[in-house]
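# just a sequence and a predicted model for now, questions to come.
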Amino acid sequence: MFRKKQGFTGIMNPMMMVIITTKDLSPKDKDVLLYVIHQTIGWDKLETYFDIHKWKETLGKSYDGVRASLKHLEEKKVIARSKKRNDNKTKGILRIQPDYRQWLLQYDVDLVNDGKPLADKADEPINEETTGLDEETERLLADL
(Lines give C-alpha, C1' and ligand atoms only; values in the text may rest on other atoms or scores of the structure.)
Protein backbone atom coordinates (compact mmCIF):
# COMPACT_ATOMS: atom_id res chain seq x y z
CA MET A 1 0.00 0.00 0.00
CA PHE A 2 1.98 3.06 1.19
CA ARG A 3 5.00 1.38 2.71
CA LYS A 4 7.99 0.60 0.55
CA LYS A 5 9.85 -1.53 3.08
CA GLN A 6 9.16 -3.08 6.46
CA GLY A 7 9.93 -0.50 9.14
CA PHE A 8 9.65 2.61 6.96
CA THR A 9 6.77 5.05 6.68
CA GLY A 10 6.35 5.88 3.02
CA ILE A 11 4.82 9.34 2.70
CA MET A 12 4.21 10.56 -0.84
CA ASN A 13 6.52 13.44 -1.70
CA PRO A 14 3.63 15.80 -2.57
CA MET A 15 1.91 15.01 0.75
CA MET A 16 5.13 15.72 2.63
CA MET A 17 5.55 19.02 0.77
CA VAL A 18 2.00 20.06 1.74
CA ILE A 19 2.84 19.36 5.40
CA ILE A 20 6.13 21.25 5.14
CA THR A 21 4.89 24.30 3.20
CA THR A 22 1.48 24.91 4.78
CA LYS A 23 1.17 27.82 7.17
CA ASP A 24 -2.26 26.58 8.28
CA LEU A 25 -0.86 24.12 10.83
CA SER A 26 0.97 25.00 14.03
CA PRO A 27 4.07 23.03 15.04
CA LYS A 28 1.84 21.15 17.54
CA ASP A 29 -0.62 20.30 14.75
CA LYS A 30 2.23 19.02 12.58
CA ASP A 31 3.55 16.85 15.42
CA VAL A 32 0.12 15.32 15.93
CA LEU A 33 -0.36 14.87 12.16
CA LEU A 34 2.99 13.11 11.81
CA TYR A 35 2.03 10.80 14.67
CA VAL A 36 -1.32 10.07 12.98
CA ILE A 37 0.58 9.28 9.78
CA HIS A 38 2.93 7.00 11.71
CA GLN A 39 0.03 5.18 13.38
CA THR A 40 -1.88 4.75 10.09
CA ILE A 41 0.19 4.87 6.92
CA GLY A 42 3.24 3.67 8.84
CA TRP A 43 1.40 0.43 9.62
CA ASP A 44 -0.33 0.15 6.21
CA LYS A 45 -3.68 1.27 7.62
CA LEU A 46 -6.04 4.12 6.84
CA GLU A 47 -7.35 4.25 10.42
CA THR A 48 -6.23 3.46 13.95
CA TYR A 49 -7.64 3.25 17.44
CA PHE A 50 -6.43 6.02 19.69
CA ASP A 51 -6.22 6.73 23.37
CA ILE A 52 -5.67 10.45 23.87
CA HIS A 53 -3.97 9.86 27.22
CA LYS A 54 -1.37 7.59 25.63
CA TRP A 55 -0.92 10.02 22.74
CA LYS A 56 -0.31 12.98 25.05
CA GLU A 57 2.40 11.01 26.85
CA THR A 58 4.03 9.89 23.59
CA LEU A 59 3.90 13.37 22.08
CA GLY A 60 4.81 15.19 25.30
CA LYS A 61 1.80 17.47 24.83
CA SER A 62 -1.04 18.39 27.15
CA TYR A 63 -4.43 16.71 26.87
CA ASP A 64 -5.97 19.99 25.71
CA GLY A 65 -3.15 20.53 23.21
CA VAL A 66 -3.60 17.12 21.57
CA ARG A 67 -7.37 17.54 21.59
CA ALA A 68 -7.14 21.00 19.99
CA SER A 69 -4.74 19.74 17.29
CA LEU A 70 -7.00 16.77 16.47
CA LYS A 71 -9.98 19.12 16.21
CA HIS A 72 -8.06 21.50 13.94
CA LEU A 73 -6.85 18.64 11.70
CA GLU A 74 -10.42 17.38 11.47
CA GLU A 75 -11.73 20.85 10.53
CA LYS A 76 -9.10 20.99 7.78
CA LYS A 77 -10.27 17.56 6.46
CA VAL A 78 -6.82 16.04 7.08
CA ILE A 79 -8.25 13.43 9.46
CA ALA A 80 -11.66 12.14 10.45
CA ARG A 81 -12.61 11.01 13.93
CA SER A 82 -15.25 8.44 14.77
CA LYS A 83 -16.04 5.79 17.35
CA LYS A 84 -16.30 2.01 17.09
CA ARG A 85 -17.82 -0.40 19.52
CA ASN A 86 -15.49 -3.31 20.20
CA ASP A 87 -15.44 -5.81 23.09
CA ASN A 88 -18.26 -3.91 24.85
CA LYS A 89 -16.14 -0.74 24.74
CA THR A 90 -16.38 2.32 22.59
CA LYS A 91 -13.01 3.22 21.14
CA GLY A 92 -11.95 6.36 19.32
CA ILE A 93 -10.87 5.92 15.71
CA LEU A 94 -8.66 8.26 13.69
CA ARG A 95 -8.74 8.02 9.93
CA ILE A 96 -6.29 9.84 7.71
CA GLN A 97 -7.47 11.40 4.46
CA PRO A 98 -4.69 9.97 2.25
CA ASP A 99 -5.58 12.20 -0.70
CA TYR A 100 -3.84 15.42 0.35
CA ARG A 101 -5.71 17.26 -2.44
CA GLN A 102 -8.84 17.01 -0.25
CA TRP A 103 -7.13 18.74 2.68
CA LEU A 104 -8.34 22.30 3.34
CA LEU A 105 -4.82 23.66 3.67
CA GLN A 106 -3.05 26.38 1.75
CA TYR A 107 0.35 25.41 0.46
CA ASP A 108 2.90 26.28 -2.20
CA VAL A 109 1.48 24.55 -5.29
CA ASP A 110 4.72 24.96 -7.23
CA LEU A 111 6.75 23.15 -4.59
CA VAL A 112 4.19 20.40 -4.11
CA ASN A 113 3.88 19.71 -7.83
CA ASP A 114 7.53 20.17 -8.80
CA GLY A 115 6.76 23.47 -10.49
CA LYS A 116 3.69 22.12 -12.31
CA PRO A 117 0.44 23.58 -10.91
CA LEU A 118 -2.49 21.19 -10.44
CA ALA A 119 -4.41 23.01 -13.19
CA ASP A 120 -1.80 21.76 -15.68
CA LYS A 121 -2.41 18.21 -14.48
CA ALA A 122 -6.22 18.35 -14.68
CA ASP A 123 -6.43 16.34 -17.90
CA GLU A 124 -3.95 13.70 -16.79
CA PRO A 125 -5.42 10.39 -15.63
CA ILE A 126 -5.01 9.79 -11.92
CA ASN A 127 -2.75 6.80 -11.48
CA GLU A 128 0.38 5.73 -9.63
CA GLU A 129 2.56 7.79 -11.95
CA THR A 130 0.72 11.06 -11.28
CA THR A 131 -0.25 10.56 -7.63
CA GLY A 132 2.40 8.22 -6.29
CA LEU A 133 -0.37 5.86 -5.17
CA ASP A 134 -0.34 2.19 -6.03
CA GLU A 135 -3.41 0.41 -7.45
CA GLU A 136 -4.51 -0.99 -4.08
CA THR A 137 -4.44 2.48 -2.51
CA GLU A 138 -6.34 3.93 -5.48
CA ARG A 139 -9.04 1.26 -4.93
CA LEU A 140 -9.19 2.12 -1.22
CA LEU A 141 -9.57 5.82 -2.04
CA ALA A 142 -12.32 5.03 -4.54
CA ASP A 143 -14.22 3.18 -1.80
CA LEU A 144 -14.09 6.11 0.66
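Okay, I see it.
# and the residue nearest the centre of the protein?
I96 (4.3 Å; C-alpha atoms, centre = their mean).
# correct me, but that residue touches E47?
Yes: contact criterion C-beta atoms under 8 Å: I96 and E47 qualify, at 7.4 Å. No exception for glycine: its C-beta is placed from N, CA and C like everyone else's.
# residues shared between the contacts of the two?
Taking C-beta atoms under 8 Å, 6 or more residues apart in numbering as the contact rule, I96 and E47 both touch T40.
# over to the residue of the chain most remote from its centre: give its phi and psi.
Centroid-distance maximum for the chain: N88 at 28.7 Å, with C-alpha atoms, centre = their mean. The phi and psi values for N88, taken as degrees, to the nearest 10, are phi 60, psi 20.
# picking that back up, next up, the contacts around the residue nearest to the residue nearest to the centre of the chain when sequence neighbours are not counted.
Excluding its sequence neighbours, the residue lying closest to I96 (C-beta to C-beta, 6 or more residues apart in numbering) is T40, at 4.6 Å. Counting by C-beta under 8 Å, 6+ apart, T40 makes contact with 46-48, 94-96.
# determine which two of those residues are furthest apart.
For the contacts of T40, the maximum inter-member distance is 9.8 Å, found between L46 and L94 (C-beta to C-beta).
# what about these two, which has more around it?
L94 (22 against 19; other C-beta atoms under 10 Å).
# pLDDT wise, what is the residue nearest to the centre of the chain at?
Note on I96: pLDDT of 91.
# and S82, that one's in a strand?
Yes: secondary structure assignment places S82 in a strand (DSSP: H, G, I helix; E, B strand; the rest coil).
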